[in-house]
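>>> Here is a sequence together with a model predicted from it:
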Amino acid sequence: SQSRIPQPPALPFIGNVAHLDRELPIQGFALLAQQYGEIYLIDILGRKLIFLNTQELANEVSNDAKFRKGVAGSLNEVRYLSGDGLFTAYDDEPNWAIAHRLLMPAFNTLAIRDMMEDMHDICGQLLLKWERFGPDYVIDPSDDLTRVALDTIALCSMSYRLNSFYTENQPAFAAAMTDFLKECYIRSTRPSLVQALMTGATAKWETDAKFMTDVATRILNERRENPIDKKDLLNTMLYSKDPKTGQGLSDDAIAKNLLTFLIAGNPIQCIYHVSTLLPGLMSFMTYYLIKHPEAMRKLQAEIDEVLGGQPVQYQDLSKMPYLTAVIRETLRLAPTAPMRMVKPLEDTYLANGKYFVKAGSSLVLNTWVYQKDPKVWGEDAQEFSPARMLEGKFEALPPQSWQPFGFGIRGCIGRPFAWQEVSLVMASILQKFDLSFVDPTYNLALKQALTVKPKDLFIRAKLRNQIP
Ligand code: MNH
């Protein structure tokens, strides 16, 4: 029978978005899910958002024939920079389809395999830094892992060195990116009348976008003048033709996709906030492993056995099932892209006819919440337990129980890249170092001003088998 979608009554933050957003949106939404269950509706400045919180609903809307990606809120603001680039394109924009067909081959596992060397190059800079600074040095893991992620994507996609390890502060590009994305998110929460008055903030936002666009355009022009023989993403975009239409990408479209990769290695997700995907994942993984010494020991034993003291090679990656399980479990508990938005193409019903939703309405699939659905994971759904992600068990899970990379045609194109990088970086770190918390009593707290990452997590790294 049909039900009304529950809507929290006069909660103080309804209609007062600023409060909700600047605190910790994911936590707020998780609390509402506890209270209202599988589905609820909230109204933000007149925009209605319907949150979906269970595996069953996730499975239902993971269907490209009936539901398509929604680009709204802060993601829509980011379009000022990346326009119809892959990530922020509306579903029907022709450049999305062209870039998708051109770039898919460049992102497949075979192509990513050629990037091992560049990934080692950047990861080596982190290993050297931690070794030189020594066992007493206090490390902010998300800081150094952000350097790794940004430098790696710049080197792999356009053979460009950002050299983040050689600057104390954030490199200029990263600073412009952070400020720009933060403003995108604030803009999406301002009523339009207020927005019209924020001329100073808007000018700064436009300057940041121009700075980044200029960097991308400069890299593009330099490449045109000095071609290199390397199959990086930039060359793919410059020289290949869409097999279907015979069209190439315009310089403008290429620049927008370059910017997409730079911010997608470190990017925007969903509607309210931005998260650093790869650095976030690696920081959460660091946390869970230090917190669970038995898992850490097991993983280090696997790494030692497979690598035998040698640098990790491509063919080693498929021989480390426990590493795979730890990454999967981290992405289940702390999906750094914590939500995604879909819109029904036609008026439809959810949950076997129970809830009516109009065509085009905004459905927010709350990955952060629904990947802990007790119906799927049991009583210990909130616990870190990599064993449940081992081969065999993982394949037997109900459909779409685990979906940190989105779904279908608009799913993550960078997934093989991200997987290879997190495997390489974490295996290399754990091969070389024993990690510990600076504060042994540290418990995970979240920070989501701009990114979802562990808050106040500081660690030390001691060379393994080193006599103190
Ligand atoms: Mn990625 C889309 C998660 C790393 C490039 N990515 C998505 C989506 C999710 C996602 C979820 C779907 C968003 C939506 O439905 O609105 N991505 C991740 C995670 C990691 C990640 C959890 C790391 C961990 N992504 C990367 C990296 C790159 C990248 C690294 C680039 C090098 N992702 C993309 C692009 C898209 C995307 C591009 C958009 C694809 C499309 O819409 O066609």
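Noted; the coordinates are in hand.

>>> The ligand contacts on the stretch 251-400 of the chain?
Taking C-beta under 6 Å from any ligand atom as the measure of proximity, the stretch 251-400 of the chain contacts the ligand at 260-261, 264-265, 277-278, 281, 336-337, 340. Where C-beta positions appear, they are placed from N, C-alpha and C, glycine not excepted.

>>> where does the stretch 51-200 of the chain have low pLDDT?
Per-residue confidence for the stretch 51-200 of the chain (pLDDT under 70) gives these ranges: 169-171.

>>> Among the residues of the stretch 251-400 of the chain next to the ligand, the buried ones, what's the ChimeraX command?
Written as a ChimeraX command, the selection of buried residues from those, which uses 16 or more other C-beta atoms under 10 Å, is:
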select :260,261,264,265,277,278,281,336,337,340
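
>>> Show the end-to-end separation of stretch 339-348, please.
Looking at stretch 339-348, the gap from its leading to its trailing residue is 21 Å under the measure C-alpha to C-alpha, to the nearest Å.

>>> Any idea how far it is from the middle of the chain?
Centre-to-centre, stretch 339-348 and its host chain are 21 Å apart (C-alpha atoms, centre = their mean, to the nearest Å).

>>> if you look at the residues of the stretch 251-400 of the chain next to the ligand, which of them are in strands?
With DSSP state E as the criterion, strands contain Arg340 from among these.

>>> tell me the least confident of the residues of the stretch 251-400 of the chain next to the ligand?
Across these, the member with the lowest pLDDT is Gly265, scoring 44.

>>> quick one: the strands in this protein?
Listed in chain order, the strands of the chain (DSSP E) span residues 39-44, 47-52, 67-69, 268-269, 273-274, 339-344, 348-350, 355-357, 362-366, 433-437, 446-447, 453-454, 459-463.

>>> In a markdown table: those strands, plus distance to His120.
Written out in a markdown table, the entries for those read as follows (distance: least, C-beta to C-beta, whole Å):
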| stretch | distance to His120 |
| --- | --- |
| strand 39-44 | 45 |
| strand 47-52 | 40 |
| strand 67-69 | 34 |
| strand 268-269 | 28 |
| strand 273-274 | 28 |
| strand 339-344 | 32 |
| strand 348-350 | 47 |
| strand 355-357 | 48 |
| strand 362-366 | 36 |
| strand 433-437 | 16 |
| strand 446-447 | 30 |
| strand 453-454 | 25 |
| strand 459-463 | 18 |
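
>>> right, and those strands - which one's nearest Glu131?
Between Glu131 and those, the shortest separation by C-beta to C-beta is 6.4 Å, and it involves strand 459-463.

>>> Can you give me the neighbour number for the residue in the stretch 101-250 of the chain positioned nearest to the ligand?
At 5.3 Å from the ligand, Ile153 is the closest residue in the stretch 101-250 of the chain, using C-beta to the nearest ligand atom. Look at Ile153: counted by other C-beta atoms under 10 Å, it has 28 neighbours.

>>> again with Ile39
Number of residues near Ile39 (other C-beta under 10 Å) recorded here: 21.

>>> Repeat that for Asp439.
When neighbours are counted by other C-beta under 10 Å, Asp439 registers 11.

>>> Can you read off the pLDDT for it?
Predicted confidence (pLDDT) for Asp439: 96.

>>> Nearest residue to it in space, please, no chain neighbours.
In space, and not counting its chain neighbours, Asp439 is closest to Phe458: 7.2 Å by C-beta to C-beta, 6 or more residues apart in numbering.

>>> Quick check: Met116 touching Phe417?
No: no contact is recorded between Met116 and Phe417 when judged using C-beta atoms under 8 Å, the distance being 11.2 Å.

>>> Would you mind telling me which of the two has the busier surroundings?
A side-by-side neighbour count of Met116 and Phe417, using other C-beta under 10 Å, places Phe417 first with 27 against 18.

>>> got the contact list for the more buried one?
Applying C-beta atoms under 8 Å, 6 or more residues apart in numbering, one finds that Phe417 lies in contact with 107, 112, 115, 153, 156.

>>> What count of nearby residues applies to the residue of the chain found nearest the ligand?
Going by C-beta to the nearest ligand atom, the ligand is nearest to Gly414 of the chain, at 2.3 Å. Other residues within reach of Gly414 by the criterion other C-beta under 10 Å amount to 23.

>>> okay but it is in contact with Asn108, surely?
No: using C-beta under 8 Å, Gly414 is not in contact with Asn108, being 11.4 Å away.

>>> Can you tell me which of the strands of the chain is nearest to Ala301?
Of those, the one closest to Ala301 (C-beta to C-beta) turns out to be strand 433-437, at 13.0 Å.

>>> Let me know the angle separating the closest one from strand 459-463.
Taking axes from the mean of the first three to the mean of the last three C-alpha atoms, to 10 degrees, one finds that strand 433-437 is oriented at 150 degrees with respect to strand 459-463.

>>> Could you list the buried residues of strand 433-437?
Of the residues in strand 433-437, those with enough neighbours to count as buried (16+ other C-beta under 10 Å) are 433-435, 437.

>>> among those, which two are most distant?
For these, with distances taken as C-beta to C-beta, the pair at the greatest spread is Phe433 and Phe437 (13.6 Å).

>>> ok, the residue of the stretch 101-250 of the chain closest to the ligand to Ile26 distance?
Per C-beta to C-beta, to the nearest Å, Ile153 is found 25 Å from Ile26.

>>> residue ranges with poor pLDDT in the stretch 201-350 of the chain?
For the stretch 201-350 of the chain, the ranges with pLDDT under 70 are 264-276.

>>> Tell me where it has helices.
Assigned helices in the stretch 201-350 of the chain, in chain order: 233-239, 251-264, 277-291, 293-307, 321-333 (criterion: DSSP state H, counting those that start in this stretch).

>>> Can you say which of the ones you listed is nearest to Met198?
Closest to Met198 of those, according to C-beta to C-beta: helix 251-264, at 22.0 Å.

>>> for the closest one, packing partners?
Helix 251-264 is packed against helix 73-82, helix 94-107, helix 141-158, helix 172-189, helix 199-225, helix 233-239, with contacts defined by 3 or more C-beta pairs under 8 Å, 6 or more residues apart in numbering; DSSP states H and E.

>>> do that again at 7 Å, thanks
Packing partners of helix 251-264 (3 or more C-beta pairs under 7 Å, 6 or more residues apart in numbering; DSSP states H and E): helix 73-82, helix 94-107, helix 141-158, helix 199-225, helix 233-239.

>>> Can you tell me which of these is most buried?
With neighbours defined as mean count of other C-beta atoms under 10 Å, the helices and strands packed on helix 251-264 peak in mean count at helix 141-158, which reaches a mean of 24.

>>> Quick one: list the elements packing against that helix.
The elements that helix 141-158 packs onto, with contact taken as 3+ C-beta pairs under 7 Å, 6+ apart, are helix 116-133, helix 233-239, helix 251-264, helix 277-291.

>>> That helix: how far from the chain's middle?
Put simply, helix 141-158 sits 13 Å off its chain's centre (C-alpha atoms, centre = their mean).

>>> How about the most centrally placed residue in the chain, nearest residue that isn't a chain neighbour?
If you average the C-alpha coordinates of the chain and look for the closest C-alpha using C-alpha atoms, centre = their mean, you land on Leu277, 2.8 Å from that point. Taking C-beta to C-beta, 6+ apart, and ignoring the residues beside it in sequence, Leu277 has Thr336 as its nearest neighbour in space, at 4.7 Å.

>>> Nothing else from me, thank you.
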